[in-house]
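Asks: just coords:
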């Protein structure tokens, strides 16, 4: 058996105006009638039992998690005093799981990605857990179906021998988000896979790796470990998190460690990184429009329009535009520029009058 | 002295979502910080005294007129039981003014146009009133500054002799909205002027013209005339209006009558016929955007964005688009297609669920 740790942090800026600091992307119905974190849970449950499913999230997000995922056991909610990227979040989960069972294997899932079909996903999780039990730090490399420049890549080497029921490879190198040209070469090579941000490892193994590559994080985590169950648990956690560097697990551990392997699963994966990604997951009408809520379209094609039940949006002579209305906030963004939503939020954050809309 | 009659009908479909059936265009702040009907009043007041300023409007609009124009005397509000275009509206005003003073001269103003400067406007009204006193049906022909296809034209003939303090011409012909090519010829000729929909005439003269060219309208108006001040006034008005044809004064009288003249004023006039017309009246920022309310623009040029104080609209990578948010309604329309707002309203009127948004 292995534990599931769902990392539910993230500021979700790219999904404004639905996503906000207090209600980021994973808590919204972005691609289906379930919220993304609900999709994430039901991708592993009930095959994985509730006592083995953990969620790591900022203190402030705990109430909405309880609200959206009432099944999750209270003691399996691991609260971060402040968000400090994936290395501290995974480290925190690791010490809690280690306390419960020093032999635990944890798989780390993101709360806001699309993965399907779930059968292939569960198969890959099991394969990864088997490799993790052997002491590997396991990544999940997705076979690219296009030369994406928005993902990092993993260069794989030889196949690892073992009864994993899925191909597992050694890892040669991690590569940052490539240029368009380089991405094309990666895809042609067949040996470069998308780095999905999913992981599996024995908690002892990831903590040992942190001890080696992120010693100050490790020291802090051990103080938290010692405090678990004591009256000081909360205050120690606050003090230590305050000192932690804001750093990703990829940068802090994966790119440095030696015992990395890569599972190559069959499932389709998408990080749904911006509004435009919806075109890959939502049904289009005959004019190529993806619509939700009350909309009236005249001479308008290939748009993504997300309105509400208690309001109306009319497009006239508009093509290739993303429109999202969320109560008192409206985004109108050309599909080619959906990465610039952050720029708009930056403007808002710099204007006192607009800050309340972020 | 002469009377002013402001016709405040109109469904204002082209200014959805601000304009609605119960709150049409003239009651909105379209081009300035005053509503259009307020602008209309203050274009003639205080030079014209309040006892000489009348407003004709549908029953249902009287409360908003009282609210927006508290100066207007209650007895000067002339209510139509139902909107039936300009011929019945002007006829109704004429019988009320005729009752008050059979020698009255009335000038007819629209409530939702832009005219400036007001000094030239007042000068033209006085010139028109002088021509009207002589028994003419007076139109106002605007010197075109572009080959507009959205206006009708008046072909003028010889100058009329008289002390009008402004040029007044005989009228050769009324022309419907022309094609682009024809409009260009009209403008080059120098003898074609825009038909502004402003008029002046003695009430006796317009009623006589109605008697001749619209006899059934005239018969009904006379019944209303007889009922004024009696207990039956309201019921007679309802009965007669029910029978009136929906017909414009241009089509019903002007295009048929012989004693038409045309004042050629100096003022700039614009019927503000669609959202795009705002570009002629509102200040643009350095990127060519006209904005109102809270807006955040990234890589966006030449847009018209009318938001609200209690909401925010962000445009990213959007050019030449009109965006109007009015509470629960949002319009996003390419500037080249602002005449199609009506098409969107037609769709809404055909869908039970959407009808409440019209």
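Replies: All right, it came through fine. Remember, it's a predicted structure, so these values are computed and weren't measured experimentally.
Asks: look up phi and psi at residue A:54.
Replies: The phi and psi torsions at residue A:54 (degrees, to the nearest 10) take the values phi -120, psi 150.
Asks: my read: it touches residue A:78, true?
Replies: Yes - assessed by CB atoms under 8 Å, residue A:54 is found in contact with residue A:78 at 5.9 Å. All C-beta atoms are positioned from the backbone trio N, CA, C, and that covers glycine.
Asks: shared neighbours of these two, which are they?
Replies: Here residue A:54 and residue A:78 share the contacting residues A:5, A:93, A:96, scored by CB atoms under 8 Å, 6 or more residues apart in numbering or on different chains.
Asks: which residues of the stretch 251-358 of chain A lie near chain B?
Replies: Listed as neighbours of chain B in the stretch 251-358 of chain A under the rule CB under 8 Å from any CB of the partner chain: A:294, A:296, A:298-299, A:307, A:310-318, A:321, A:323, A:325, A:328-334, A:336-338, A:340-341, A:343-344, A:347-348, A:353-354, A:357.
Asks: what subset of those residues is buried?
Replies: A:294, A:296, A:298-299, A:307, A:311-318, A:321, A:323, A:325, A:328-334, A:337-338, A:340-341, A:343-344, A:348, A:354, A:357 (16 or more other CB atoms under 10 Å in any protein chain shown).
Asks: take those and keep only those in strands.
Replies: A:294, A:296, A:298, A:312-316, A:321, A:323, A:325, A:329-334 (DSSP state E).
Asks: for the one residue sitting closest to the centre of chain A, what are phi and psi?
Replies: With distances taken as CA atoms, centre = their mean, residue A:110 lies nearest the centre of chain A, 3.0 Å away. Note on residue A:110: backbone dihedrals following degrees, to the nearest 10 are phi -90, psi 150.
Asks: which non-adjacent residue is nearest it?
Replies: residue A:197 (5.4 Å; CB to CB, 6 or more residues apart in numbering or on different chains).
Asks: gap between that neighbour and residue B:55?
Replies: From residue A:197 across to residue B:55, the span is 66 Å (CB to CB, to the nearest Å).
Asks: please apply the same query to residue A:56.
Replies: Residue A:56 is 67 Å from residue B:55, by CB to CB.
Asks: ok, residue A:163 - how many residues close by?
Replies: 6 (other CB atoms under 10 Å in any protein chain shown).
Asks: nope, residue A:161 is what I was after
Replies: 7.
Asks: also residue A:146?
Replies: With other CB under 10 Å as criterion, residue A:146 counts 8.
Asks: if I read this right, it contacts residue A:186, doesn't it?
Replies: No - with contact defined as CB under 8 Å, residue A:146 does not count as touching residue A:186 (10.9 Å).
Asks: find the closest residue to chain B in the stretch 101-250 of chain A.
Replies: residue A:150 (17.0 Å; CB to the nearest CB).
Asks: residue A:177 is in contact with that residue, correct?
Replies: Yes - at 6.3 Å, residue A:150 and residue A:177 qualify as touching, with contact defined as CB under 8 Å.
Asks: please parse chain A into its domains.
Replies: A:3-270, A:275-357 (automatic domain parsing).
Asks: possible to save those as TSV with distance to residue B:89 and mean pLDDT?
Replies: Formatted as TSV, the domains of chain A follow (distance: least, CB to CB, whole Å; pLDDT from 0 to 100):
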stretch	distance to residue B:89	mean pLDDT
domain A:3-270	44	96
domain A:275-357	30	96
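Asks: out of the ones you listed, nearest to residue B:212?
Replies: domain A:275-357 (43.3 Å; CB to CB).
Asks: need the distance between the two termini of that closest one.
Replies: 18 Å (CA to CA, to the nearest Å).
Asks: same check on stretch A:6-18?
Replies: 21 Å.
Asks: next: stretch A:26-34.
Replies: Terminal-residue distance, stretch A:26-34 (CA to CA): 10 Å.
Asks: repeat that for stretch A:155-167.
Replies: Length of stretch A:155-167, first residue to last, CA to CA: 14 Å.
Asks: same thing with stretch A:325-336?
Replies: 19 Å.
Asks: hmm, who's touching that stretch?
Replies: A:16-18, A:275-276, A:279, A:293, A:302, A:304, A:306-308, A:311, A:313, A:320-324, A:340-341, A:344, A:357, B:307, B:310-318, B:321, B:323, B:325, B:330, B:332.
Asks: kindly report the same for stretch A:201-217.
Replies: So stretch A:201-217 is in contact with A:87-88, A:90-91, A:94-95, A:97-98, A:102-106, A:132-133, A:135-138, A:218, A:221, A:243-245, A:247, A:252-253, A:256-257, A:259, going by CB under 8 Å, 6+ apart.
Asks: repeat for stretch A:342-358
Replies: A:13-14, A:16-17, A:20-21, A:328-329, A:331, B:294, B:296, B:298, B:312, B:314, B:316.
Asks: which two of those have the greatest separation?
Replies: A:14 and B:294, at 20.9 Å, using CB to CB across the contacts of stretch A:342-358.
Asks: for chain A, what spans make up the helices?
Replies: A:36-44, A:62-68, A:86-100, A:118-133, A:180-189, A:203-213, A:215-227, A:233-243, A:249, A:341-350 (DSSP state H).
Asks: of these, flag the one that's most buried.
Replies: Comparing those by mean neighbour count (mean count of other CB atoms under 10 Å in any protein chain shown), helix A:249 ranks first with a mean of 25.
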